[in-house]
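>>> can't give you the sequence, but here's the structure:
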């Protein structure tokens, strides 16, 4: 069967299964009282989100499992392992938040440390899970690659995994925002994997993209379910791992520019307040700044999706 046809069937199958599983999962989360507590420091309009089921990112596991079954090789298994490990960290964080009755799960240092461990495991398996031509490569232009020593690649790779997982998590603050924003970056790395013959990466990104699109049916405004850290950390892990496995980790700040901007807004806000006791933004992350400026939640989401798509196109053009 033609490889493109196989990928199309993988996408359709994952999307259909996600739609079928979404309703029962939401019902299960409600019965188990796995519900979101609105952040105390979020805009007041978010108070109505309290009680919405969370941990809907479990649906992404469908995409990861189908990717392994569809294309069982080392590249696929390695990338899926990274996604599952990051998702498991988010799962524990979500459970602790819910049991404590407020958004106080794992501490920031604990989450950073645990995602660093997940990243280190993936990088330790790089000789098995990452194609030879991608190991040590920071940027690829067709058949050309920009290589650095392996110690530098490992260091930048670990930083990319930790930063991307938490950047996606920070972006997950509005209905459909993180899920819609990540679709175009996943598409770029799926294409780069296809071009390089890294079919495992393409399969994972296509399946996860399909699961994310199916999840959006339930997560679009007004959201019936949130992905929680379970989903956000898994998405970030797969995105960073895909960049490493295609030899394009330096594309992450561009292709994932919306996630980078959200993170930078938090860093600048904290630094400004601690040094000169003034805030640069009305509120951080950046999406809250626009909310408090009068933009409806849906407008912020659509504009961020558009920005992500444009940045992804720029990244694809750069790496052509």
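Thanks, I have the structure now. Not measured: the values here are computed from a predicted model. Numbers count the residues shown, from 1 in each chain.

>>> for whichever strand or helix holds residue 308, the distance to its chain's centre please.
Assigning secondary structure by DSSP states H and E places residue 308 in helix 297-318. For helix 297-318, the gap between its own C-alpha mean and the chain's C-alpha mean amounts to 15 Å (Cα atoms, centre = their mean, to the nearest Å).

>>> Report all helices and strands that that helix contacts.
helix 177-196, helix 252-255, helix 257-276, helix 286-292 (3 or more Cβ pairs under 8 Å, 6 or more residues apart in numbering; DSSP states H and E). C-beta here means a position set from N, CA and C on the backbone, and glycine is covered the same way.

>>> Which parts of the chain are strands?
Secondary structure of the chain (DSSP state E): strands at 137-141, 144-147.

>>> Quick one: closest of those to residue 202.
strand 137-141 (14.6 Å; Cβ to Cβ).

>>> ok and that closest one relative to helix 177-196, angle-wise?
Relative orientation of strand 137-141 and helix 177-196, computed by axes from the mean of the first three to the mean of the last three Cα atoms, to 10 degrees: 70 degrees.

>>> angle of strand 137-141 against helix 297-318?
80 degrees.

>>> Now do the helix holding residue 308: everything it contacts.
Outside helix 297-318, the residues that touch it by Cβ atoms under 8 Å, 6 or more residues apart in numbering are 45, 171, 174-177, 180-185, 187-188, 191-192, 221, 251, 254-258, 287, 290-291, 295.

>>> which residues of the stretch 51-200 of the chain score low on pLDDT?
For the stretch 51-200 of the chain, the stretches with pLDDT under 70 are 101-104, 142-143.

>>> Break down it into its helices, ranges please.
60-70, 74-99, 108-124, 126-129, 150-171, 177-196, 199-219 (DSSP state H, counting those that start in this stretch).

>>> Quick check: which of those is buried the most?
Highest mean neighbour count of the helices of the stretch 51-200 of the chain: helix 199-219, a mean of 26 (counted as mean count of other Cβ atoms under 10 Å).

>>> which ones are touching residue 266?
By Cβ under 8 Å, 6+ apart, the neighbours of residue 266 are 170, 284, 285.

>>> Residue 49 touches residue 221, doesn't it?
No - the pair residue 49 / residue 221 is not scored as a contact, 10.5 Å apart, by Cβ atoms under 8 Å.

>>> most remote residue from this structure's center?
For the chain, the largest distance from the centre (Cα atoms, centre = their mean) belongs to residue 276, which lies 32.9 Å off.

>>> Could you check how far that one is from residue 269?
For residue 276, the distance to residue 269 (Cβ to Cβ, to the nearest Å) stands at 12 Å.

>>> Repeat that for residue 114.
Taking Cβ to Cβ, one finds residue 114 at 25 Å from residue 269.
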